[in-house]
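# 3D model of this:
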Amino acid sequence: MLTFIDSFLNKTTMYRVVLYYLASLLGIAFVLSFFGVLPFTPLPLLLSIAVLVMVSWAVNTAFAFIFEAPTNIESTFITAFILALIITPASLSHFSSFLAFILWASIWAMASKFIFAIGNKHIFNPAAFAVALTAVTLNQSASWWIGNSWMALFVLLGGILLVRKLKRFDLAFSFFVVAFVTIIGFGIAMGGELVQLMQRMLFNSPLLFFSFVMITEPLTTPPTRLLRMLYGAFVGFLFAPGVHVGSLYSTPELALLVGNLYSYAVSPKKKHILKLEERVKVTPTIFDFVFNTDEQFEFKPGQYLEWTLGHYRPDDRGNRRYFTIASSPTEPGIRLGVKFYEPPSTFKKTLAFMRPGDELVASQLSGDFVLPTDIRKKLVFIAGGVGITPFRSMIKYLSDKDEKRDVILLYSNRTADEIAYKNVFDEAAQKIGLKALYAVTDAKANIPDWCHGGVIDGRMIAANIPDYKERVFYISGPRVMVDAFQSTLKGLGVKRKQIKIDFFPGFA
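Down below sits the predicted model:
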C-alpha cells in the first residue's frame with residue numbers, strides 16, 4: 001500500500017495532489033451529510049460547490065485575459081474547494097440570500113490574485129482574503145466547518161500525505177506546535193480543562209486543516225526552511241482566538257493574511273517573464289533552454305524556480321513545474337536543464353517546441369540547497385541523471401569566481417553519453433581543482449578512461465574519499481536515488497547534519 005501511495009505521489013504534481021485531497025474531503029462530507037452529522041444537507045453542499053467553481057473559473061479566466069497572464073485551472077479549483085470547505089452551505093430555504101455571500105467570496109478570491117499583486121506576484125492567500133473581506137463588507141464570515149470531529153481523521157490522513165508531497169513538514173509542524181501551545185495557554189488561563197481543550201482543538205477546530213492546507217500554500221510561503229518555520233510560528237501564534245489588538249480579535253483568515261505580509265517581506269518579490277534565446281542539446285535526452293531577461297535576476301547557485309508554461313489541454317502534470325536553475329549567477333541569461341522521457345508530459349512537449357522569443361513565467365525563487373558560507377568546508381556532490389543541474393550552477397559559479405574549495409563530484413548515469421556538462425567540470429578541474437568521478441551503470445557501455453565503471457556505493461565512496469566523515473554531502477537526483485544515498489551515508493557513519501538533499505515542492 002505504501003509503495004502504491006509513494007508511486008502516486010511521485011507521478012502526480014503538487015497542485016494535482018492538493019486538488020485530489022480537497023475533492024476527497026468534499027466527497028466524504030457529501031456522504032456524511034446524508035447522516036445528519038454535518039451542519040448541512042447534501043443538496044446545499046452540491047449547489048455551493050457548483051456556484052463556487054463556476055464563478056471562480058469565470059472570474060479567473062476574465063482577469064487572466066485582462067492581465068494577459070497564463071491561467072492554471074487547478075489553482076482555481078483548489079481555491080473554490082477551499083471556500084466550499086470553510087463556508088457552511090445554507091439550507092435551501094435560505095440559499096438565495098446565501099448566494100450573494102459565496103458569489104462575493106469567489107469573485108474576490110480570484111480578483112485578489114491579480115489586483116493585490118506586486119511584480120505579478122500575489123500577496124495574499126486567495127481564500128483567506130475573500131472570507132476576511134466578506135466579514136467586513138457583508139458581515140458574513142467563514143465558519144471553518146471542516147474543523148469537525150467527523151472529518152478530523154480524513155483531514156489528518158490526507159494531510160500527512162499532502163505535506164509529504166510538499167516536503168513542508170517543517171512549516172506545518174512549526175505552525176501546529178505554536179498554535180497548539182498558545183491556544184492551550186489562553187484556555188488554561190481562562191479556567192479551561194486541559195483534556196477538553198485538546199479535544200476541542202483537534203476535533204472541533206480548523207487547526208488540522210489549517211496546518212496541512214492553508215499554511216502550506218507555496219505561492220505565499222517564504223523561500224527557505226528557517227524563514228518558513230518562523231512564518232509558521234508567527235501565524236500559529238496569531239491563530240489563537242485569544243490574541244487581539246484592542247477590540248479586534250484574531251480569526252484564522254486574519255492570522256494568515258498578516259503572515260502573508262511577513263512572507264512577502266522576506267521573499268523574492270517578482271514573477272519574471274523570460275524569453276527563450278536558444279535551445280542546446282547537452283546529451284541525447286537532456287536539453288538546456290537558455291532564457292534572457294531584461295531585468296536583474298538575482299539568485300544563489302543551486303536554487304530553483306516554479307516555471308509556468310501556458311498550453312492547450314495540459315495533462316495530469318499541469319502547466320506549472322519546479323526546476324533547478326542550471327546556470328550560474330555569473331552567466332548571462334537563465335538556463336533550464338530538462339530531461340525528456342517517453343512519453344513526455346504536455347508541459348515538456350510544449351517546452352520542446354518553443355521557438356526563440358517565446359515566453360514563459362518564472363517565479364517562486366526558493367531553496368536551501370546552496371553552497372555553505374564557510375569556504376573551508378569540504379564538500380561532496382552526488383548526482384544522478386538530470387540531478388546534476390544544481391551542481392552545474394554551483395561549480396560554474398566557483399569556477400567563474402576562481403573560488404577554490406575542496407569539492408568532489410560523484411556523478412552516476414546509465415551510459416557514458418548521458419553525462420552532462422563535462423566541459424564545465426573539466427574547466428573547473430583546471431581552474432579550482434575540482435575532482436570529478438563518473439560512474440556508468442550499464443555494464444555493456446563503452447566506458448572512456450575518465451569514467452569509473454559500476455555504481456556509486458559505500459565501498460566506492462570510502463575508497464575514493466578517505467576523509468568522507470569530515471565532508472558535507474549534497475545529493476540531487478531521482479527520489480529513489482536520494483533516499484538510497486541517505487541510507488548509504490548514514491551506514492558509513494556520516495552524521496545527518498552533514499547530508500543535504502535537493503527536494504522541493506512537487507518534485508516528481
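# which residues touch Thr324?
Each residue near Thr324 by Cβ atoms under 8 Å, 6 or more residues apart in numbering is listed here: 302-304, 337, 367, 369, 389-390, 393, 476, 502, 504. All C-beta spots, glycine's among them, are computed from the backbone N, C-alpha and C.
# just give me the closest of those residues to Thr13.
Phe504 (12.2 Å; Cβ to Cβ).
# can you name the residues that contact the residue nearest to Met229 when sequence neighbours are not counted?
Spatial nearest neighbour of Met229, chain neighbours left out: Ser174 (4.3 Å); criterion: Cβ to Cβ, 6 or more residues apart in numbering. By Cβ under 8 Å, 6+ apart, Ser174 lies in contact with 228-233, 236.
# so which of those comes closest to Leu22?
Nearest to Leu22 among those is Gly232, at 20.5 Å by Cβ to Cβ.
# sketch out the low-pLDDT regions of the protein for me.
Scanning the chain for pLDDT under 70 picks out the ranges 1-11, 316, 443-453, 503-508.
# dihedrals phi and psi, the residue nearest to Asn120 when sequence neighbours are not counted?
Closest residue to Asn120 apart from its sequence neighbours, by Cβ to Cβ, 6+ apart: Lys271 at 3.8 Å. Main-chain dihedrals, Lys271, degrees, to the nearest 10: phi -100, psi 140.
# swap in the one 3 residues further on?
In this entry, Leu274 is assigned phi and psi values of phi -110, psi 140 (degrees, to the nearest 10).
# what does the one 3 residues further on give?
Recorded main-chain torsions at Glu277 are phi -100, psi -50, according to degrees, to the nearest 10.
# so it makes contact with Asn292?
Yes. Counting by Cβ atoms under 8 Å, Glu277 does reach Asn292; the two are 4.8 Å apart.
# give me the common contacts of these two.
Common contacts of Glu277 and Asn292 (Cβ under 8 Å, 6+ apart): Gly333.
# re the thing from before, for the residue nearest to Met229, helix, strand, or coil?
Under DSSP: H, G, I helix; E, B strand; the rest coil, the three-state class of Ser174 is helix.
# hang on, Pro89 in a strand?
No. Going by three-state DSSP, the assignment for Pro89 is coil, not a strand.
# mind listing what's buried in the helix or strand hosting Gln196?
Gln196 is part of helix 194-203 when elements are defined by DSSP states H and E. Buried residues in helix 194-203, defined by neighbour count with 16 or more other Cβ atoms under 10 Å: 197, 200-201, 203.
# helices or strands next to it in the packing?
Counting contacts by 3 or more Cβ pairs under 8 Å, 6 or more residues apart in numbering; DSSP states H and E, helix 194-203 packs against helix 149-166, helix 169-189.
# go ahead and name everything in contact with the following helix or strand past that helix.
On the C-terminal side of helix 194-203, the closest following helix or strand by DSSP H and E is helix 207-209. The contact list for helix 207-209, computed with Cβ under 8 Å, 6+ apart, reads 85, 144, 146-147, 152, 155-156, 159, 176, 179-180, 183, 201-202, 239.
# filter these down to just the buried residues.
By neighbour count, with 16+ other Cβ under 10 Å, the contacts of helix 207-209 hold 85, 144, 146-147, 152, 155, 159, 176, 179-180, 183, 201, 239 as buried.
# I'd like the distance between Phe124 and Ala109.
Distance check for Phe124 against Ala109: by Cβ to Cβ, to the nearest Å, it reads 10 Å.
# neighbour count for the two, which is higher?
Ala109 (29 against 25; other Cβ atoms under 10 Å).
# does that one touch Thr134 like I think?
No. The pair Ala109 / Thr134 is not scored as a contact, 9.9 Å apart, by Cβ under 8 Å.
# buried sites along stretch 159-170?
159, 161-163, 165-168.
# do stretch 83-103 as well
Buried residues in stretch 83-103, counted by 16+ other Cβ under 10 Å: 83-90, 95, 98, 101-102.
# same thing with stretch 400-414?
Buried residues in stretch 400-414, counted by 16+ other Cβ under 10 Å: 400, 405-413.
# what's the domain layout of this protein?
Using automatic domain parsing, the domain ranges for the chain come out as 2-266, 272-366, 379-501.
# now distance to Thr373 too, for the ones you listed, in JSON lines please.
Listed next are these as JSON lines, based on distance: least, Cβ to Cβ, whole Å:
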{"stretch": "domain 2-266", "distance to Thr373": "13"}
{"stretch": "domain 272-366", "distance to Thr373": "11"}
{"stretch": "domain 379-501", "distance to Thr373": "12"}
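# phi, psi of the nearest residue to Ile49 once chain neighbours are set aside?
Distance criterion Cβ to Cβ, 6+ apart; nearest residue to Ile49, sequence neighbours excluded, is Ala84 at 4.8 Å. Dihedral pair for Ala84: phi -70, psi -30, per degrees, to the nearest 10.
# isn't Ala84 up against Leu52?
Yes. Using Cβ under 8 Å, Ala84 makes contact with Leu52 at a distance of 5.3 Å.
# list the contacts of Phe257.
One correction, residue 257 is Leu, not Phe. Here Leu257 is in contact with 124-125, 128-129, 132 (Cβ under 8 Å, 6+ apart).
# try it again with 7 Å
Applying Cβ atoms under 7 Å, 6 or more residues apart in numbering, we find Leu257 in contact with 124, 128-129, 132.
# what strand or helix carries it?
Going by DSSP H and E, Leu257 is part of helix 252-266.
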